[in-house]
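**Q** Fold the stuff below for me.
(chains A and B)
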Protein chains: 2
Amino acid sequence: MAKCIDRGVFSLEVPVGIEGYASVVGDKEGKGPLGDCFDKVIEDSHFGMETWEKAESRFLFEAVRTAVKKTGFSPDDIGAVCAGDLINQCTGSTYGLREMGIPFLGIYGACSTMAEGILLTSLMIASGALRRAAAATSSHFSTAERQFRFPLSYGGQRTPTSQWTCTASGAVILSENAAVCSISGGCIGRITDMDVNDINNMGSAMAPAAAETIRRYLAATGTSPEDYDCIVTGDLGAVGSTLVKELLKNEGYDISAQHLDCGVMIFDSDEQDVNCGGSGCGCSASVLCGYFLPKLESGELHNILFAATGALMSPMTLQQGETIPAISHLVHLVSRA
Amino acid sequence: MAKCIDRGVFSLEVPVGIEGYASVVGDKEGKGPLGDCFDKVIEDSHFGMETWEKAESRFLFEAVRTAVKKTGFSPDDIGAVCAGDLINQCTGSTYGLREMGIPFLGIYGACSTMAEGILLTSLMIASGALRRAAAATSSHFSTAERQFRFPLSYGGQRTPTSQWTCTASGAVILSENAAVCSISGGCIGRITDMDVNDINNMGSAMAPAAAETIRRYLAATGTSPEDYDCIVTGDLGAVGSTLVKELLKNEGYDISAQHLDCGVMIFDSDEQDVNCGGSGCGCSASVLCGYFLPKLESGELHNILFAATGALMSPMTLQQGETIPAISHLVHLVSRA
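**A** Numbering: from 1, shown residues only, chains lettered A, B, ... in the order given. Predicted coordinates:
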């Protein structure tokens, strides 16, 4: 069972956690500082498919397939999968998982999707409705660029605050057998909108949402940043990372010693021409599954907060003069080692 | 607590259910056979806003606001809301609920969204993580037509199998105080794809998903169609309704005496020029909240299956030569009267 600590904040009283995980990334991510961490690096951005959208579906399929395989189960042993992505109508996920036959729940949290999926599946398992579930997400540089910004062949200039959408996917298998780590609690994000309207400055749009969610979790649990080995944000990038620390400092929480950001970690910003870092649903998902979960499994890390962040706008809402609402969902992961 | 009966199929052992509900629809829906059932009929398709997308957000906001108000609570009493819609990146929901401050979980199930939201929120409440939650969805004829088919001003001819996207929204409030009806169980749908690729024949694409989900629930619970007052499908329309009955008959389940379809019910197909009936996330949501929930509340209906159906494609996947995957999620609603 779970226990409601505060509005949208809960602790998990039974052991529900992560039993397996996998990450599959593209060539550029494989050449980054975390390149050795991922299960698979696929050099071909089309992954053998005709279109980038079909390639993204294959990245997601491959991440789920690998995660299931690593746990020793078959897809038939998985009670449900929560998945979503950035492509219109989340077709990266639906086409990617179509053949697998796992009961499917589509979710949309933009780049916060991995944390949202872990929240939802852990609570479904805690309720007793499912014994084992998967959470997965993906993103692809080329599907995101043409949908949200410009056709790649246009060769548009990228602004200094922009981030590079990762070609990546991550998948976790959750069950009562929390072999890798337990989900100790979580916080469902609230939509935050600080009137940012620059589609090339997502870090600034998302940082207030991350700050709000981290603050709510710390306040509800009565814990301090020092109680955690790491406080990980999704893909705020360099600008957003500075902002989230500043916003939390103003609220009395100094997370500078614990903070790490998946968007900053996945690329070498000096060498890889990514401006403020990585982004996309697959960024935090692959860094969670490639970097953090192995360290929780080995016991090198004991106790982390994973707050993935998403920008909830579309190109059309910005054309209609709107600002960018953002959200951040948080899960608290505790090593079993 | 919930109990896993079969893969993706569960029963709820504690009373979790619907405490309140509301429906807000457009002018055409208000002039249909169910016109008197809805809480609000908004004649202006722009609902006082500058764009149809902003109007759809306002329909959703109004449905959630009205449902919360009818239960006597304030938005601050709601632990989380699960919402989604058809607009790219689900912006109907995010912008609609931005100001409300309720912890937000975005979902994407196309027109199956209402059942998906009820499934997820009921299990989160059953887990103990939340005391009270909302599930909501919306659709708008004009946002859907221009996104999925043609700009309205193009005046494209509609084919005989096409359906009319409803301008409508529905919202329910769930809690352990199941004053209106209990959620007795549910079935998480599996993606079904029978190679239909006609974007104007969604009923045919979705009927196999509905048949699969209804069959799985009946088989797992060992019940027959006669055990239910109604077996309601989301928005299959006239063609899909014929198909779902035929498909289930082939599997040994004759649902013809119990079957009703929200897409068939919401419009008068002879008088309202809608070809096969209504569709869109808001169709089944508003018919559930306008027609079925009041009858469960009064005790006129005792026991229904609500299987909302969604087509999980996008215009781009069809342009890339893909077929239409579909899904149907089911909830079993039992009157407390």
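
**Q** elements contacting the helix or strand hosting residue A:310?
**A** Secondary structure from DSSP states H and E places residue A:310 in strand A:303-311. Where contact means 3 or more CB pairs under 8 Å, 6 or more residues apart in numbering or on different chains; DSSP states H and E, strand A:303-311 is packed against helix A:113-127, helix A:202-221, strand A:230-233, helix A:281-287, strand A:326-335. (C-beta placed from N, C-alpha, C; glycine too.)

**Q** ok, and which of those has the densest surroundings?
**A** Across the helices and strands packed on strand A:303-311, the average number of neighbours (mean count of other CB atoms under 10 Å in any protein chain shown) peaks for helix A:281-287, which reaches a mean of 37.

**Q** hmm, it in reach of chain B?
**A** No - for helix A:281-287, no contact with chain B is found by CB under 8 Å from any CB of the partner chain; the gap never falls below 11.9 Å.

**Q** still on that earlier bit, I'd like the helices and strands packed on strand A:303-311 as a markdown table, with mean pLDDT appended.
**A** As requested, the helices and strands packed on strand A:303-311 are arranged in a markdown table below (pLDDT from 0 to 100):
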| stretch | mean pLDDT |
| --- | --- |
| helix A:113-127 | 98 |
| helix A:202-221 | 98 |
| strand A:230-233 | 98 |
| helix A:281-287 | 98 |
| strand A:326-335 | 98 |
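
**Q** To residue B:305, which of these lies closest?
**A** helix A:113-127 (20.2 Å; CB to CB).

**Q** after that closest one, next one along is what?
**A** Next along the chain from helix A:113-127, counting by DSSP H and E, comes strand A:132-139.

**Q** Show me what the helix or strand just after that next one is packed up against.
**A** Using DSSP H and E, the helix or strand that follows strand A:132-139 in sequence is helix A:141-148. For helix A:141-148, the packing partners by 3+ CB pairs under 8 Å, 6+ apart come out as helix A:52-71, strand A:164-165.

**Q** 10 Å instead, please
**A** helix A:52-71, strand A:164-165, strand A:278-279, helix A:281-287, helix A:315-319, helix B:315-319 (3 or more CB pairs under 10 Å, 6 or more residues apart in numbering or on different chains; DSSP states H and E).

**Q** Grab the nearest non-local neighbour of whichever residue of the stretch 51-200 of chain A sits closest to chain B.
**A** With CB to the nearest CB as the measure, residue A:103 is the residue of the stretch 51-200 of chain A nearest to chain B, at 3.2 Å. In this structure, residue A:103 finds its nearest non-sequential neighbour in residue B:8, 3.2 Å apart by CB to CB, 6 or more residues apart in numbering or on different chains.

**Q** Please apply the same query to residue A:266.
**A** With CB to CB, 6+ apart, the residue lying closest to residue A:266 is residue A:278, at 4.1 Å.

**Q** which residues does that neighbour contact?
**A** A:28-29, A:32, A:34, A:111, A:139, A:141, A:163-168, A:234-235, A:237, A:261-267, A:269, A:272, A:284, A:286-287 (CB atoms under 10 Å, 6 or more residues apart in numbering or on different chains).

**Q** Residue A:119 too?
**A** A:8, A:10, A:82, A:107, A:109, A:112, A:135, A:183, A:185-189, A:308, A:329-331, B:80, B:105, B:124, B:129.

**Q** Wait, residue A:126 touches residue A:178, no?
**A** No - counting by CB atoms under 10 Å, residue A:126 sits too far from residue A:178 to count as a contact (11.5 Å).

**Q** Name the residues contacting each of the two.
**A** A:12, A:14-16.

**Q** From the residues you listed, which land in strands?
**A** residue A:12 (DSSP state E).

**Q** quick one: which of the shared contacts of residue A:126 and residue A:178 is nearest chain B?
**A** Closest to chain B, out of all of the shared contacts of residue A:126 and residue A:178 and judged by CB to the nearest CB, is residue A:12, at 8.2 Å.

**Q** Contacts only, for residue A:40.
**A** Counting by CB under 10 Å, 6+ apart, residue A:40 has contacts A:22-25, A:30, A:59, A:62-63, A:66, A:169.

**Q** Compare these and tell me which is most surrounded.
**A** residue A:169 (41 neighbours; other CB atoms under 10 Å in any protein chain shown).

**Q** Walk me through the domains of chain A.
**A** Structural domains assigned to chain A are A:2-175, A:181-335, following automatic domain parsing.

**Q** how distant is the first one from the center of its chain?
**A** Computed by CA atoms, centre = their mean, to the nearest Å, the separation of domain A:2-175 from the middle of its chain amounts to 8 Å.

**Q** Stretch A:192-212 too?
**A** With CA atoms, centre = their mean, you get 16 Å for stretch A:192-212.

**Q** okay, how far is it across it, tip to tip?
**A** 8 Å (CA to CA, to the nearest Å).

**Q** Can you confirm whether it lies near chain B?
**A** Yes - Stretch A:192-212 comes into contact with chain B (CB under 10 Å from any CB of the partner chain), by way of A:192-193.

**Q** close enough to count as contact, residue A:309 and residue A:202?
**A** Yes - here residue A:309 reaches residue A:202: they are 8.6 Å apart, a contact under CB under 10 Å.

**Q** for the residue nearest to residue A:103, what are its contacts?
**A** Residue B:8 sits in contact with A:78-81, A:102-105, A:129-130, A:133, B:119, B:186-190, B:213, B:216-217, B:220, B:329-330, where contact means CB under 10 Å, 6+ apart.

**Q** just checking, residue A:178 is part of a strand?
**A** No - checked against DSSP: H, G, I helix; E, B strand; the rest coil, residue A:178 lies outside a strand; its state is coil.
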